[in-house]
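Student: Structure for the following, please:
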Amino acid sequence: MILKGSQRSGAKQLGLHLLKTDENEHVELHEIRGFVSDDVIGALREAEAIAKGTKCRQYLFSVSLNPPQTENVRIETFEQAIRSIEERNGLTDQPRVIIFHEKEGRRHAHAVWSRIDAETMTAKPMSFYKNKLQEVSRQLYLENGWKMPRGLVDSKERDPRNFSLADWQQAKRIGQHAGELKESIQEAWAISDSKATFSHALEERGLYLARGDRRGHVAVTFEGEAISIPRATGRKAREIKARLGEPKDLRSIEEARRRIAKDILPRMRDHLKEARSKAKAELSALNARRQAMAKAHANERAKLDAGQKSRIEQEARNRAERFRKGMRGIWDRLTGKRAQLEKQNQLEVLWALQRDREQRHALVAAQLKDRQRLQTDIKAVRSKHARALRELHFDTANYRLMKRGEVPKPKSAFDRLEAMRDKSHS
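Tutor: Down below sits the predicted model:
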């Protein structure tokens, strides 16, 4: 599984983030260890209070554990991963919080440790923690027989479409998924061989080649956002220059925005508004299904938890009734029968805990399959409407060609790319 860690402060903010239910369909507190408080925010605030007696400012170590999308990962696997993280980073027995999140049919975990050693009032050193997390990640892929991502095998092979939080936030402001935004620029690069063909390929996708504020090559989106082309494609600046020439020969971002406003926005606003309205309506229906499913799944889990709790209490009473009282009880102690019963009860408790954990794992696994099927429908709808929007941008690009007296393209590069994809899948 992919492990991402960071040293940080902000106990309350982190606690609120971990408990967010608007971004996650299910949030489950798995464990609070080493804290007096039994709630997440209270526990992390304890770590904050203790850290005030030290010079440490980043007193928390937070790790997200993301298993492969297609794997049904057991809780024990997450627990083993967390133990390995502790051992390699010197955090064994440090206070910690573990929370599970579920979203879009995927389950992942967050573990947060206090770095402060309460006995010495010093912070645990976190040197080279990224390398250590990567080692644990590789070990998990090998031990569980999962297909290892190329970037984990060799850092040079990392997918350039991976994007940071800043990329995602920028894309969110313009209503487009960051991965799709980068992929669009990469596709334009892949099917072009010159500045002219790259510029037109970008325009077919609603992006416009321009000169950035730092004199680099950028793609300006239909909404006016500037995206660095070297960052989006994962190419070196000199490679970009070799194909596209010097940035100084391009229009500035401001000029690109004026051009968009003049030539494109007035004509396409109504068409895009209609297309987005249709997408919103269809996705809203699917979102209603998603919310109803999340509620039904939560009710099923609550019902199971209540049933297991009732059964545990009844089984505990039954085990207690095995012990005789009075003289018979004394006789049982003398003959060793009570010791046998105690051992039997202990084994039954362990068996019952494992049985209940298996039962809950089976329920969660079945629910995740249901949610993944729904997510397949959601992705199909998103893809359909994304294609419709891209075709609108292609029509706009052709209109501009005709306005300049040039011959419009008979078939879009987007359609050629789709044909290549279909061929590769067949």
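Student: Tell me which helix or strand comes right after the helix or strand harbouring residue 318.
Tutor: Secondary structure assigned from DSSP states H and E places residue 318 in helix 265-320. Scanning forward in sequence from helix 265-320 by DSSP H and E, the next helix or strand is helix 326-335.
Student: Now do that next one: which elements does it pack against?
Tutor: Contacts defined by 3 or more CB pairs under 8 Å, 6 or more residues apart in numbering; DSSP states H and E place helix 326-335 against helix 337-403. (Each C-beta comes from the backbone N, C-alpha and C, glycine too.)
Student: can you give me the mean pLDDT across the helix it packs on?
Tutor: For helix 337-403, mean pLDDT rounds to 84.
Student: Need the residues that contact stretch 339-359.
Tutor: 75, 304, 308, 311, 312, 315, 319, 322, 323, 332, 333 (CB atoms under 8 Å, 6 or more residues apart in numbering).
Student: before we move on, what about stretch 237-257?
Tutor: Residues from elsewhere that reach stretch 237-257 (CB under 8 Å, 6+ apart): 192-195, 198, 208-213, 215-218, 220, 224, 226, 229-230, 233, 259.
Student: Using PDB, write out the CA atom coordinates for the helix or strand residue 232 falls within.
Tutor: Using DSSP H and E, residue 232 sits within helix 229-233. Output in PDB follows, covering the C-alpha atoms of helix 229-233 (Å, rounded to 0.1, in the frame of the first residue of the first chain):
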ATOM      1  CA  ILE A 229       3.500  22.600 -19.100                       C
ATOM      2  CA  PRO A 230       6.900  21.100 -17.800                       C
ATOM      3  CA  ARG A 231       5.200  20.200 -14.500                       C
ATOM      4  CA  ALA A 232       2.100  18.700 -16.300                       C
ATOM      5  CA  THR A 233       4.100  16.600 -18.800                       C
END
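Student: Going forward, the N-terminal residue is numbered 212.
Tutor: Fine by me, first position is 212 from now on; the one you just mentioned is helix 440-444.
Student: Could you tell me how far that helix lies from the centre of the chain?
Tutor: The chain centre lies 22 Å from the centre of helix 440-444; the measure is CA atoms, centre = their mean, to the nearest Å.
Student: Low-confidence ranges, this protein, go.
Tutor: 361-390, 426, 433-435, 471-472, 474-480, 604, 606-637 (pLDDT under 70).
Student: okay, which residue is most central for it?
Tutor: Centroid-nearest residue in the chain, with CA atoms, centre = their mean: residue 277, separated by 7.2 Å.
Student: how close does residue 414 sit to residue 396?
Tutor: Using CB to CB, to the nearest Å, we find residue 414 at a distance of 12 Å from residue 396.
Student: Oh, that last question was meant for residue 412, not what I typed.
Tutor: Residue 412 sits 9 Å away from residue 396, going by CB to CB.
Student: Name the residues contacting each of those two.
Tutor: Between them, residue 412 and residue 396 share no contacting residue, judged by CB under 8 Å, 6+ apart.
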